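Asker: Got a predicted structure plus its sequence, pasted below:
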Amino acid sequence: MSDTIAEMRLPTKELRDDIPFYTKRLGMRLDMIYPADDPSTAVFSGHGLRLRIEKGAPEAPGTLRILTEDPEGFAGGERVLVAPNGTRIEIEERNPPVVMPKTEHAFVVRRLADQAPWIIGRAGMQYRDLIPSRLGGSIIASHIRIPDGGPVPDMVHYHKVGFQLIFCVNGWVDVVYEDQGPKMRLTPGDCFIQPPEIRHRVLEASDNVQVIEIGVPAEHVTEIDHEMTLPTPQLRPEREWQGQRFVYNTAAGAEWALFRLPGYVARDTTIAANTKGVAGVMVVRRGEGAPQWATHDTDILFTYVMEGDVTLEGEGKEPYRLTKGDAFVIPPGMKTRLSDPSAEMELLEVSLPGVFGTVLG
């Protein structure tokens with residue numbers, strides 16, 4: 001309602017000391033002050049806030065965070081201030097750069113049979129963590145499901161990430177993206193690459209839709225865009241967001257070629273090309289010939305078993321017979337072999353960066 005105003009109340013002992021601080025140091029506007037003969041209450045507005053500073057108010061002074069595009073030019077460049085009334089003021093960047101943590105390499109195997117808990121996340125979706133260690137915060141891999149289909153209570157939003165993949169493994173989901181036309185349906189084997197900060201909204205899903213979501217870094221911010229309506233009127237498929245293009249890759253009609261590992265074939269989802277090498281995504285099936293031992297030199301190599309069975313052998317490790325729903329991470333330089341794949345085996349392999357070397361033997 002336009003005639004409704006919300007205020008945050010803060011205490012003070014002497015209002016006269018607070019007025020120049022909030023107006024001159026913080027650039028806020030004085031909207032109200034009373035009583036005239038001995039002021040005890042003042043209301044300030046600015047930076048999206050309305051503050052009521054009241055003499056003798058029972059609340060603690062609290063902390064006020066101000067986000068600005070120019071933190072060095074705000075309040076004389078000071079990043080932490082304390083107001084006369086005791087409120088701590090923190091000056092932060094409005095859009096800080098995404099920080100990529102150094103990868104803490106580890107050999108990780110995550111089994112569906114281990115019964116890892118499903119956690120209720122954003123928009124009522126259920127999440128299962130596929131890399132509990134997050135490799136030191138460098139990546140998050142989630143198995144996401146929506147048990148009951150229908151409209152999804154989502155809003156137009158975006159993610160402050162370095163890379164994000166959505167790969168469908170069961171059911172279907174409709175999503176609409178900024179500058180990419182009408183809604184698109186993701187079905188098993190299809191994937192989206194969501195470039196950093198592209199606006200999008202999940203619209204509707206089938207019963208038991210399941211996707212694998214990869215995000216880099218592990219902790220990243222999701223912001224709601226209350227201004228944009230999707231779909232947008234313009235269609236700009238060639239647009240780039242921080243050097244990356246939106247990708248909608250479908251399984252239908254895909255071309256299969258020899259994989260980097262003997263005994264397997266793969267289809268390229270074009271993600272390495274469209275992210276300029278930030279990441280690569282391959283779908284892998286059983287091929288001809290005998291599997292071999294191999295090492296790789298990429299920073300992160302994540303694999304999810306979508307169908308069938310395969311044995312993961314690692315140097316100095318007991319073999320793991322992996323099945324649908326299992327996932328693993330192989331650190332660089334570790335010798336492993338994928339052996340005895342079932343006829344219907346299908347893997348999702350995600351690498352960061354997208355182009356890397358493999359040494360056989």
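Answerer: Okay, I see it.

Asker: which secondary structure elements does the helix or strand of the chain with the lowest mean pLDDT contact?
Answerer: In the chain, the helix or strand scored least confidently by mean pLDDT, DSSP states H and E is strand 119-120, which has a mean of 84. Strand 119-120 is packed against strand 126-129, with contacts defined by 3 or more CB pairs under 8 Å, 6 or more residues apart in numbering; DSSP states H and E. Just so you know, the C-beta spots here come from the backbone N, C-alpha and C atoms, and that holds for glycine as well.

Asker: can you pull the buried residues of stretch 62-82?
Answerer: 64, 66, 68, 71, 74-75, 81 (16 or more other CB atoms under 10 Å).

Asker: Equivalent analysis for stretch 85-94, please.
Answerer: 85, 87, 89, 91.

Asker: Can you pull up the most central residue in the chain?
Answerer: For the chain, the residue sitting closest to the mean C-alpha position, by CA atoms, centre = their mean, is residue 215 at 4.6 Å.

Asker: For residue 165, see how far away the nearest residue to residue 136 once chain neighbours are set aside is.
Answerer: The spatially closest residue to residue 136, leaving aside those adjacent along the chain, is residue 104, at 3.1 Å (CB to CB, 6 or more residues apart in numbering). Relative to residue 165, residue 104 is positioned 21 Å away (criterion: CB to CB, to the nearest Å).

Asker: Have a look at the two and say which one is more surrounded.
Answerer: The residue with more neighbours, out of residue 104 and residue 165 and counting by other CB atoms under 10 Å, is residue 165; that gives 24 against 12.

Asker: Beta-bridge partners for the more buried one, please?
Answerer: For residue 165, the residues forming beta bridges with it (DSSP bridges) are residue 193, residue 214.

Asker: That one touches residue 349, doesn't it?
Answerer: No: checked against CB atoms under 8 Å, the pair residue 165 and residue 349 is beyond contact range at 11.3 Å.

Asker: Give me the common contacts of these two.
Answerer: Common contact partners of residue 165 and residue 349 (CB atoms under 8 Å, 6 or more residues apart in numbering): residue 281.

Asker: Pull the number of nearby residues for the nearest residue to residue 221 once chain neighbours are set aside.
Answerer: In space, not counting the residues next to it along the chain, residue 221 is nearest to residue 160; the distance is 4.5 Å by CB to CB, 6+ apart. One way to gauge burial is a neighbour count; for residue 160, by other CB under 10 Å, it gives 15.

Asker: hang on, residue 160 packs against residue 97?
Answerer: No: using CB under 8 Å, residue 160 and residue 97 do not qualify as a contacting pair, with a distance of 9.2 Å.

Asker: Next, count neighbours for residue 339.
Answerer: Counted with other CB under 10 Å, the neighbours of residue 339 add up to 15.

Asker: thinking again about what came up before, with distance to residue 298, secondary structure and pLDDT added, can I get the buried residues of stretch 62-82 in JSON lines?
Answerer: As requested, those are exported to JSON lines (distance: CB to CB, whole Å; DSSP: H, G, I helix; E, B strand; the rest coil; pLDDT from 0 to 100):
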{"residue": "64", "distance to residue 298": "44", "secondary structure": "strand", "pLDDT": "97"}
{"residue": "66", "distance to residue 298": "41", "secondary structure": "strand", "pLDDT": "96"}
{"residue": "68", "distance to residue 298": "38", "secondary structure": "strand", "pLDDT": "95"}
{"residue": "71", "distance to residue 298": "36", "secondary structure": "helix", "pLDDT": "93"}
{"residue": "74", "distance to residue 298": "41", "secondary structure": "coil", "pLDDT": "94"}
{"residue": "75", "distance to residue 298": "44", "secondary structure": "helix", "pLDDT": "91"}
{"residue": "81", "distance to residue 298": "45", "secondary structure": "strand", "pLDDT": "97"}
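
Asker: Tell me which two of these sit farthest apart.
Answerer: Farthest apart among the buried residues of stretch 62-82 by CB to CB are 64 and 71. That separation is 14.2 Å.

Asker: And residue 143, how close does it get to residue 22?
Answerer: Residue 143 sits 48 Å away from residue 22, taking CB to CB as the criterion.

Asker: more crowded one of the two?
Answerer: Looking at residue 143 and residue 22 with other CB under 10 Å, you find the greater number of neighbours at residue 22, namely 25 against 21.

Asker: Am I right that that one is in a strand?
Answerer: No: using DSSP: H, G, I helix; E, B strand; the rest coil, the secondary structure at residue 22 is helix, not a strand.

Asker: quick one: contacts for it?
Answerer: With contacts taken as CB under 8 Å, 6+ apart, residue 22 has the following neighbours: 28, 30, 44, 51, 53, 83.

Asker: how far away is the first one from residue 71?
Answerer: Looking back up the chat, that one is residue 28. Shown here: residue 28 relative to residue 71, a distance of 17 Å by CB to CB.

Asker: Stretch 151-171: how far from the chain's middle?
Answerer: If you compare the mean C-alpha spot of stretch 151-171 with that of the full chain, they lie 8 Å apart, counting by CA atoms, centre = their mean, to the nearest Å.

Asker: Show me which positions of that stretch end up buried.
Answerer: Of the residues in stretch 151-171, those scored as buried under the neighbour-count criterion (16+ other CB under 10 Å) are 152, 154, 156-159, 161-169, 171.
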